[in-house]
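In: I'd like to go over a predicted model; first the sequence, then the structure.
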Amino acid sequence: QVQVVESGGGLVQPGGSLRLSCAASGTIVSIKVMSWYRQAPGNLRELVAEIGSDGSTNYADSVKGRFTISRDNAKNTIYLQMNGLKLEDTAVYYCYADVRTRAWTSDSAVYRGQGTPVTVSS
């Protein structure tokens, strides 16, 4: 079994910064892609940023230049440094991990955390 736990959310003023963390634990052989998604009230869940095991990254246009995703493979952990936060960044942020749990196959499964809320408000 695999657990994914996010932390670091909170209340911040516009223009401020937050750093989210996401740690995966359990029966893990390797992790392919780890991602941050967010969902604001009344909106669909959307990709914020993702990072491959090789460190390759992909960002939503709305966060490019403000958010930075990073990864510590030894700790099965990713981070999301969020700078220049805007009101529209308010959402629950979810971490996803595409995990191999068996060494004899390349099959993997996606696990999701419970989410951490981010509120940007003056």
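Out: Great, that's in hand.
In: So which residue of the chain lies furthest out from the middle?
Out: Largest separation from the mean C-alpha position in the chain: residue 104, at 27.6 Å (CA atoms, centre = their mean).
In: Against which helices or strands is the host helix or strand of residue 111 packed?
Out: Per DSSP states H and E, residue 111 falls inside strand 109-112. Here strand 109-112 touches strand 2-7, strand 91-100, going by 3 or more CB pairs under 8 Å, 6 or more residues apart in numbering; DSSP states H and E. All C-beta spots, glycine's among them, are computed from the backbone N, C-alpha and C.
In: Mean neighbour count and mean pLDDT for the ones you listed - can I get that in CSV?
Out: Formatted as CSV, these follow (neighbours: other CB atoms under 10 Å; pLDDT from 0 to 100):
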stretch, mean neighbour count, mean pLDDT
strand 2-7, 16, 97
strand 91-100, 21, 97
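In: Can you classify the residue nearest the centre of the chain by secondary structure?
Out: Geometric centre of the chain, nearest residue: residue 36, 2.7 Å, by CA atoms, centre = their mean. At residue 36 the chain is in strand, as set by DSSP: H, G, I helix; E, B strand; the rest coil.
In: Same check on residue 62?
Out: helix.
In: what's the spacing between the closest residue to it other than its chain neighbours and residue 109?
Out: Spatially, and ignoring its direct neighbours in sequence, residue 62 is nearest to residue 88 (7.6 Å; CB to CB, 6 or more residues apart in numbering). Distance from residue 88 to residue 109, counting by CB to CB, to the nearest Å: 32 Å.
In: show me the contacts for residue 31.
Out: 24, 53, 73, 76, 97-100 (CB atoms under 8 Å, 6 or more residues apart in numbering).
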